[in-house]
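>>> Predicted structure and sequence below. I'll ask about it afterward.
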There are 4 protein chains.
Amino acid sequence: MTPEEQQRFLDLGREVLAKQPFSVLLGAQLLALKPGYCELMVPMSEEIQQQHGFAHGGVISYLADNALTYAGGTAMRVPVVTSEFKINYLRPAIGERFIARAAAAHVARTQTVARCEVFAVKDGNEKLIAIAQGTIAKLGEAPPVPADAT
Amino acid sequence: MTPEEQQRFLDLGREVLAKQPFSVLLGAQLLALKPGYCELMVPMSEEIQQQHGFAHGGVISYLADNALTYAGGTAMRVPVVTSEFKINYLRPAIGERFIARAAAAHVARTQTVARCEVFAVKDGNEKLIAIAQGTIAKLGEAPPVPADAT
Amino acid sequence: MTPEEQQRFLDLGREVLAKQPFSVLLGAQLLALKPGYCELMVPMSEEIQQQHGFAHGGVISYLADNALTYAGGTAMRVPVVTSEFKINYLRPAIGERFIARAAAAHVARTQTVARCEVFAVKDGNEKLIAIAQGTIAKLGEAPPVPADAT
Amino acid sequence: MTPEEQQRFLDLGREVLAKQPFSVLLGAQLLALKPGYCELMVPMSEEIQQQHGFAHGGVISYLADNALTYAGGTAMRVPVVTSEFKINYLRPAIGERFIARAAAAHVARTQTVARCEVFAVKDGNEKLIAIAQGTIAKLGEAPPVPADAT
């Protein structure tokens, strides 16, 4: 990819993100996007916290889920859905922002298996706060399928 | 439990939920709460959607995560965190509201393993849209630990 | 299904199991088999133990994996592979035999999501020792694919 | 660690493996062992196959499970059990031998979260055939607990 192609790729990814009201609600931003790789960020805010002042686990699982989806979608270059994923929370989500980095581990015709690391950034330092692993499926090849949606 | 005790239990759970800004942001409501069992609901709104008009996967994983936490916390009656969970998405999240039902499968001294089913409700009908399974740990016994938070 | 059809179904399942040298090595037996449902048993023996005299976790994960595969294969009636699964060990695997019961939770065209419970049987009592959840894919629709095998 | 300490560490790990009848049954060998890192190998044999001549998924999940346990046990230097893990199968298990490499991602007081990659080796080439992620708990801190074993 030329730098121009990379920028277009990232711009396209940002357009998709801007069409997800939930991602907009969380203030999510796409920091980097390449075939099979994604960096997604959510800034800390009071709104995304749980009762102890940490970011809610659901925000961290959103980051992992969506970053995995981008990694799979850009690896296969087709519309995709996340079929399943697993996440281990490692440390409390404390920081100024949270960054998920997801990368494809194996790309097949109809699905990609990817891994994700989520970091909390505080005073310029990153701490690993969660790791995830999941399957991203080509839309229509695996549920959730639109045909099933009626 | 007497009906009064059940109501107090549910009220206590709702107080905790009201202290989670992220749960408030999503409009989450606790429908039922018993030791080792929880029903948590999020109503559909444009804000929680992804680009196809379904509820975002991150909302469904929030529901599973938080319902599992409640199931484990009420089973062990101590402050808890969700250590890890796995979710399989089965159908698109289409409906008027989404209900997660989580139940403890095994309760030990320091952790509970629980399962969760998430349903979409549309025109009075429920459809299973996701299943999850995870570990809820007594706070301080497993990460994320406050000692680790500095 | 008539009782005769059920018996034929079970016999067919046992033929497949007999063709798996690893299942034969473990002494695995198919106790029940219906569309979307499977009961698979491994008897305790010194050979399948770890260093503390319990059955090795790998034996319990074999049971879950294979029972999930049968549940998915009989639900879709096509050759299948287990794409992924997750298992939580709940209690040590102590007993005379171990029984996995797997059931389909959602059946789609190309994959089935199923759940599994593994029990230890001792003195006629069953104890839940593990729970699992996974995806079973139609062969050729998802990896591992034979085309990938060269 | 000095080379002598490393060798003693590996020897100790091999002694533990030799006490696991199931690992002996599978011909498992410990190729490398360091604090928080493990390489475990099972050679192909007819006995470990399924009906298509590939190694059975249960063998691959054994490899992942046991390698994760070693990674966690050597990271914490205490007796441990695998609490839970998740595995994605990526390619059929075809080859002369199968190697699992597991590494700790986060080490806490009572548990370690680790990741694992499983490779098939054929004609000197390695192919990634599965990835796993799981929790290894200090024995007695999390189930399966001996107190629960009666």
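Cool, the structure landed.

>>> Show me which residues of chain A sit near chain D.
Neighbours of chain D within chain A, by CB under 8 Å from any CB of the partner chain: A:86, A:88, A:90-91, A:105-106, A:113, A:115, A:128, A:131-133, A:135. C-beta: built from backbone N, CA, C; applies to glycine.

>>> For A:Thr74, pull up the helix or strand it's in.
Using DSSP states H and E, A:Thr74 falls within helix A:57-76.

>>> And the average pLDDT for that helix is what?
In this model, helix A:57-76 has an average pLDDT of 97.

>>> After that helix, which helix or strand is next?
The helix or strand immediately downstream of helix A:57-76 is strand A:80-89, counting by DSSP H and E.

>>> tell me the contacts of the most centrally placed residue in chain A?
What sits nearest the mean C-alpha location of chain A, by CA atoms, centre = their mean, is A:Ala67, with 1.5 Å. A:Ala67 makes contacts with A:38-40, A:100-102, A:116, A:118, as judged by CB atoms under 8 Å, 6 or more residues apart in numbering or on different chains.

>>> where along chain A do the helices fall?
Applying DSSP state H to chain A gives helices spanning A:3-18, A:21-26, A:57-76.

>>> residues of the longest one that come out buried?
Within helix A:57-76, the residues that qualify as buried by neighbour count (16 or more other CB atoms under 10 Å in any protein chain shown) are A:57-76.

>>> tell me the angle of that helix relative to helix B:57-76?
Taking axes from the mean of the first three to the mean of the last three CA atoms, to 10 degrees, one finds helix A:57-76 and helix B:57-76 inclined to each other by 140 degrees.

>>> Would you mind writing the CA trace of helix A:57-76 as PDB?
Extracted in PDB, the C-alpha atoms of helix A:57-76 (Å, rounded to 0.1, in the frame of the first residue of the first chain):
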ATOM      1  CA  GLY A  57     -16.000  -3.700  31.500                       C
ATOM      2  CA  GLY A  58     -18.600  -3.400  28.800                       C
ATOM      3  CA  VAL A  59     -16.700  -0.500  27.200                       C
ATOM      4  CA  ILE A  60     -13.500  -2.600  27.100                       C
ATOM      5  CA  SER A  61     -15.400  -5.500  25.600                       C
ATOM      6  CA  TYR A  62     -16.900  -3.100  23.000                       C
ATOM      7  CA  LEU A  63     -13.400  -2.000  22.100                       C
ATOM      8  CA  ALA A  64     -12.200  -5.600  21.800                       C
ATOM      9  CA  ASP A  65     -15.300  -6.700  19.800                       C
ATOM     10  CA  ASN A  66     -15.200  -3.800  17.400                       C
ATOM     11  CA  ALA A  67     -11.400  -3.900  16.900                       C
ATOM     12  CA  LEU A  68     -11.600  -7.600  16.100                       C
ATOM     13  CA  THR A  69     -14.400  -6.900  13.600                       C
ATOM     14  CA  TYR A  70     -12.200  -4.300  11.800                       C
ATOM     15  CA  ALA A  71      -9.200  -6.600  11.800                       C
ATOM     16  CA  GLY A  72     -11.300  -9.400  10.200                       C
ATOM     17  CA  GLY A  73     -13.200  -7.100   7.800                       C
ATOM     18  CA  THR A  74     -10.000  -5.500   6.500                       C
ATOM     19  CA  ALA A  75      -8.300  -8.900   6.200                       C
ATOM     20  CA  MET A  76     -11.100 -10.400   4.100                       C
END
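
>>> ok now that helix, how far from the chain's centre?
In terms of CA atoms, centre = their mean, to the nearest Å, the centre of helix A:57-76 is found 2 Å from the chain centre.

>>> now do stretch A:60-80
6 Å.

>>> Adding neighbour count, distance to D:Pro21 and pLDDT, write the residues of chain A next to chain D out as a markdown table.
Below are the residues of chain A next to chain D laid out as a markdown table (neighbours: other CB atoms under 10 Å in any protein chain shown; distance: CB to CB, whole Å; pLDDT from 0 to 100):
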| residue | neighbour count | distance to D:Pro21 | pLDDT |
| --- | --- | --- | --- |
| A:Lys86 | 29 | 30 | 98 |
| A:Asn88 | 28 | 30 | 98 |
| A:Leu90 | 23 | 34 | 98 |
| A:Arg91 | 21 | 38 | 97 |
| A:Ala105 | 19 | 33 | 98 |
| A:His106 | 22 | 33 | 98 |
| A:Val113 | 29 | 33 | 98 |
| A:Arg115 | 23 | 33 | 98 |
| A:Leu128 | 14 | 37 | 98 |
| A:Ile131 | 22 | 32 | 98 |
| A:Ala132 | 27 | 35 | 98 |
| A:Gln133 | 27 | 31 | 98 |
| A:Thr135 | 29 | 34 | 98 |
